[in-house]
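>>> Fold the following.
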Amino acid sequence: MRVRFVGHATALLELGGIRVLTDPFLGSRLGPLERHGRIPDPDELQTDVVVISHGHADHFHLRSLEALQGRPVIVVPRGLGARLRQLRGPARDIVEMEAGGSTSIGGLTIRAVPARHWISPGAPRAQPIGFVLDAGPRIYFAGDTGRYPGMRDLAAGMDLALLPVWTWGPHLGPGHLGPRSAAEVVRDIGAAAVVPIHWGTLYPRHLHRVWRGPLREPGDRFAAHVGRLTPDVGVRVLRPGESATFEGGRPR
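Numbers count the residues shown, from 1 in each chain. Below is the predicted model of the structure:
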């Protein structure tokens, strides 16, 4: 398995011969938020499948989807398909899913699992979900979620988990995992390896000049908590743009 942390909740996964892109946000700004780190180049993100966890604009960003090269299959929560059909360019293959459903694309099986997250006013009324991706190795992409009963059973025994460990601002709001609660999820689900996501990328404009901690620290804080709770788990903290390869559940 190879993982490139593009930034925020966007990661490019290489699973054998299949490439999966999660929640693509490729812009430099989103409302009052600015991107920290290199702006992604869509030409470097050739992918076969895109999975989208929910309808918030930092996860379901139509301009970023339009910028992707080729015609990847786009998998979304049920209710987002109509928005996708408005994309400019060639028609896309769209799969809508609800928690508990599954689909297969080539050698990849995708299972939708619940997520505990809120739907903001004006956002599409589509229930947030996470994904278990199985192409031999099994990867849990949580999307955006708080901790909830049953997570232990739904995502047990993963080879790799991509877990959100923060939000886009200085405070951790409801429906999100923080560094410690995400480490507790790692303990619960028994993942062999984990990469923290949803941190270090989007932050209110200029705030980093006076309050840098919530932008810079969540990944390392998460790794420290995992080290105390489950020291056998392989943790790899990637900054936006960095990559790692995993073999046998350990980062190489």
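>>> Listing partners with orientation, what would you give for the stretch of helix or strand Val20 belongs to?
Using DSSP states H and E, the element containing Val20 is strand 18-22. Here strand 18-22 has these sheet partners by DSSP bridges: strand 10-15 (antiparallel), strand 49-51 (parallel).
>>> Of these, flag the one that's most buried.
Counting by mean count of other CB atoms under 10 Å, strand 49-51 has the highest mean neighbour count of the strands paired with strand 18-22, with a mean of 24. For glycine as for every other residue, the C-beta is placed from the backbone atoms N, C-alpha and C.
>>> Packing partners of the following helix or strand past that one?
Toward the C-terminal end, the helix or strand that comes next after strand 49-51 (DSSP H and E) is helix 62-67. Under the contact criterion of 3 or more CB pairs under 8 Å, 6 or more residues apart in numbering; DSSP states H and E, helix 62-67 touches helix 81-84.
>>> gap between the helix it packs on and the chain center?
20 Å (CA atoms, centre = their mean, to the nearest Å).
>>> got a list of contacts for it?
Gly55, Phe60, Leu62, Leu65, Ile74, Val76, Arg92, Ile94, Glu96, Pro124 (CB atoms under 8 Å, 6 or more residues apart in numbering).
>>> could I get those as TSV with neighbour count, distance to Ile39 and pLDDT?
TSV is the format used below for these (neighbours: other CB atoms under 10 Å; distance: CB to CB, whole Å; pLDDT from 0 to 100):
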residue	neighbour count	distance to Ile39	pLDDT
Gly55	21	23	92
Phe60	23	19	95
Leu62	13	17	94
Leu65	24	16	95
Ile74	23	22	97
Val76	25	24	97
Arg92	18	23	85
Ile94	17	26	95
Glu96	18	30	97
Pro124	17	26	68
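>>> Is it possible to get a markdown table of the strands paired with strand 18-22 that adds mean pLDDT and distance to Gly241?
Converted to a markdown table, the strands paired with strand 18-22 look like this (pLDDT from 0 to 100; distance: least, CB to CB, whole Å):
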| stretch | mean pLDDT | distance to Gly241 |
| --- | --- | --- |
| strand 10-15 | 96 | 11 |
| strand 49-51 | 98 | 19 |
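>>> Out of those, flag the one nearest Leu162.
Nearest to Leu162, of all those, is strand 10-15, at 5.8 Å by CB to CB.
>>> Quick one: residues in contact with that closest one.
1-6, 19-26, 40, 45, 47, 108, 133, 135-137, 139, 141, 162, 195, 197.
>>> how many other residues sit next to the closest residue to Asp134 other than its chain neighbours?
In space, and not counting its chain neighbours, Asp134 is closest to Thr109: 4.3 Å by CB to CB, 6 or more residues apart in numbering. Residues near Thr109, counting by other CB atoms under 10 Å, number 14.
>>> do the same with Met158
23.
>>> Let me know whether my guess that it is in a helix holds.
No: assessed with DSSP: H, G, I helix; E, B strand; the rest coil, Met158 is coil; it does not lie in a helix.
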